[in-house]
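# sequence plus predicted model, see below.
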Amino acid sequence: MQSLNGLGFFERAIHLVSVLHDIPLEDVEDMDAPMVYKLLNEVRHETEIHDNNVTKFGEYNLVKFEQITFGQFIDLETWVTNSWHDNFSKIVAALYLKSNYNGDEITARESEIDEMEVNLFYGAVRKYLSWRVTFYEAFGLWESKEEQEQIDPYEDEPNEPKPYQPNQWLSLLNTLTDNDITKFEQVMALNVYLVYNQLTYLRNQTKSDVPTL
Amino acid sequence: MIKIGKHEIPTKAKDMTLGQFSKVSEIMESQNKPVNKILKVVEVFSKDAPDEMTVKQVMDYAKKLDRSATRKTVAKEITVNGRVYRFNSDPKAATLAAIEKHIIESQQAPLAITSAIYEDVQLSNTEHRDSAHIKHKMKLFAEVNADLVLPAIVATSEKLIENVNALNESISMEGVAIP
């Protein structure tokens, strides 16, 4: 999907209509504003329908968020916080897995998803975005009310420093494995709730030694 | 006009340039306290005048400040530096987007609206909407008499508000939060 970084209300609407209806941008720009709303409403309607229905496509199933592993969570969070629009296909590929998922097929699925209608998966991505907020809230990971502020969904490069730089995930992994790299894979295969329970426990035990969650 | 020491300070839009009018509007719409607003407005016209103002003059200026237009009809065309700019009475989605963008960036709505809605008759639609071109016009139009373009600003603002409300109902703005 095209980057929508820093756009205003109208410009976002124009880009959304162009992308979701597959209409050239110049044509949408020349539309009367009411036509743009009409087309936006159609997209919203379609998205609402698919929010409820697309839990499966082909042989792939939408993962149960509460069952994802810490490794999947790291991937998803890296893509979401580094522009979820640009990483849309990757996120979808991570959210839809075969029942016998072996962890090495994401690139193939990503190419397949690139060719499919964005509306099919938009609902699932929205659900994930909503779930992660609940997840972080459940673990009390928001430091303050201000930090809960919603980042603009069309903002690809948030101005604030990104909390999940690769070295921060590395810090968490080191904390969880007592700096034993041979155990990283083992930890990444654990359920994300289990891992965050442990991190919360460790944080409460020795606050100063545990990296920021 | 009101006289403060040796300074003549305009009170009506017809005595202001569009650049001055935009700054005055920005100040008057801000969260400043009423007296501060007046002092800042006066400062737009003279840096020294606020220091010389009495309480009575501040109150007097607040009463006399009138941002409404004396002109009642939209100027279909305006000429600036020898070039003719025509009022676009039917702005398309991209023009509204350009207005919104430049209002946000400059915080000077009247100047941003005028610069996007009056289009150089010799240029194409793509050129009208070009961000650098609109910024260039914002410099040029800052010297235009505010009264001349106020009816166009009012008409466009109404259209903009109507469309923002409609858009608000259409677009979902749910976000990606970061812990």
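Here it is on my side, so go on. Just so we're clear, the structure is a prediction, and the values are computed from it rather than from any experiment. Residues are numbered from 1 along each chain as shown, chains lettered A, B, ... in the order given.
# for chain A, which segments count as strands?
A:56-57, A:60-62, A:96-98 (DSSP state E).
# what average pLDDT does the first one get?
Per-residue pLDDT values over strand A:56-57 give a mean of 70.
# returning to what we had before: in a markdown table: the strands of chain A, plus mean neighbour count and distance to residue A:176.
Every C-beta, even on glycine, is put in place using the N, C-alpha and C of the backbone. As requested, these are exported to a markdown table (neighbours: other Cβ atoms under 10 Å in any protein chain shown; distance: least, Cβ to Cβ, whole Å):
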| stretch | mean neighbour count | distance to residue A:176 |
| --- | --- | --- |
| strand A:56-57 | 13 | 33 |
| strand A:60-62 | 18 | 27 |
| strand A:96-98 | 19 | 24 |
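# how about the contacts made by residue B:26?
Residue B:26 makes contact with B:107, B:108, B:109, according to Cβ atoms under 8 Å, 6 or more residues apart in numbering or on different chains.
# report pLDDT for it.
92.
# helix, strand or coil for it?
Counting by DSSP: H, G, I helix; E, B strand; the rest coil, the backbone at residue B:26 sits in helix.
# return the distance of it relative to residue B:105.
Distance of residue B:26 to residue B:105, computed by Cβ to Cβ, to the nearest Å: 13 Å.
# burial check on the residue nearest to residue A:8 when sequence neighbours are not counted, number of neighbours?
What sits nearest to residue A:8 in space, not counting adjacent residues and going by Cβ to Cβ, 6 or more residues apart in numbering or on different chains, is residue B:100, at 4.2 Å. Per other Cβ atoms under 10 Å in any protein chain shown, the neighbour tally for residue B:100 reads 23.
# my read is residue B:100 is in a helix, agree?
Yes: looking at residue B:100 with three-state DSSP, it is inside a helix.
# I figured it hits residue B:160, correct?
Yes: the criterion here is Cβ atoms under 8 Å, and residue B:100 meets it with residue B:160 at 7.4 Å.
# just name the shakiest helix or strand of chain A by mean pLDDT.
Using mean pLDDT, DSSP states H and E, the weakest-scoring helix or strand in chain A turns out to be helix A:33-53, at a mean of 67.
# so, low pLDDT: which residues of the chain?
Using chain A here. Along chain A, segments meeting pLDDT under 70 span A:1-7, A:43-54, A:57, A:99-105, A:117-119, A:140-166, A:206-213.
# try again with chain B
B:168-179.
# ok, residue A:27 - contacts?
Contacts of residue A:27 (Cβ under 8 Å, 6+ apart): residue A:18.
# what about residue B:96, which SS state?
Under the three-state scheme (three-state DSSP), residue B:96 adopts helix.
# once you drop chain neighbours, what's closest to it?
Leaving aside its sequence neighbours, residue B:96 sits nearest to residue A:10 (Cβ to Cβ, 6+ apart; 4.8 Å).
# check which helix or strand the residue most central in space within chain B maps to.
The residue lying closest to the centre of chain B (Cα atoms, centre = their mean) is residue B:110, at 1.6 Å. Residue B:110 belongs to helix B:109-117 when assigned by DSSP states H and E.
# hmm, that helix touching chain A?
No: for helix B:109-117, no contact with chain A is found by Cβ under 8 Å from any Cβ of the partner chain; the gap never falls below 11.4 Å.
# which helices and strands does that helix pack with?
For helix B:109-117, the elements it packs on are helix B:18-29, helix B:93-106, helix B:131-141, helix B:146-170, judged by 3 or more Cβ pairs under 8 Å, 6 or more residues apart in numbering or on different chains; DSSP states H and E.
# okay, those in CSV with distance to residue A:124 next?
Converted to CSV, the helices and strands packed on helix B:109-117 look like this (distance: least, Cβ to Cβ, whole Å):
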stretch, distance to residue A:124
helix B:18-29, 42
helix B:93-106, 29
helix B:131-141, 35
helix B:146-170, 22
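# closest to residue B:63 out of the ones you listed?
The closest of these to residue B:63 is helix B:18-29. By Cβ to Cβ, the value is 13.8 Å.
# show me how far that closest one is from its chain's centre.
Here the centre of mass of C-alpha atoms in helix B:18-29, compared against the chain's by Cα atoms, centre = their mean, to the nearest Å, lies 6 Å away.
# buried residues, it. List them.
Within helix B:18-29, the residues that count as buried by 16 or more other Cβ atoms under 10 Å in any protein chain shown are B:18, B:19, B:20, B:21, B:22, B:23, B:24, B:25, B:26, B:27.
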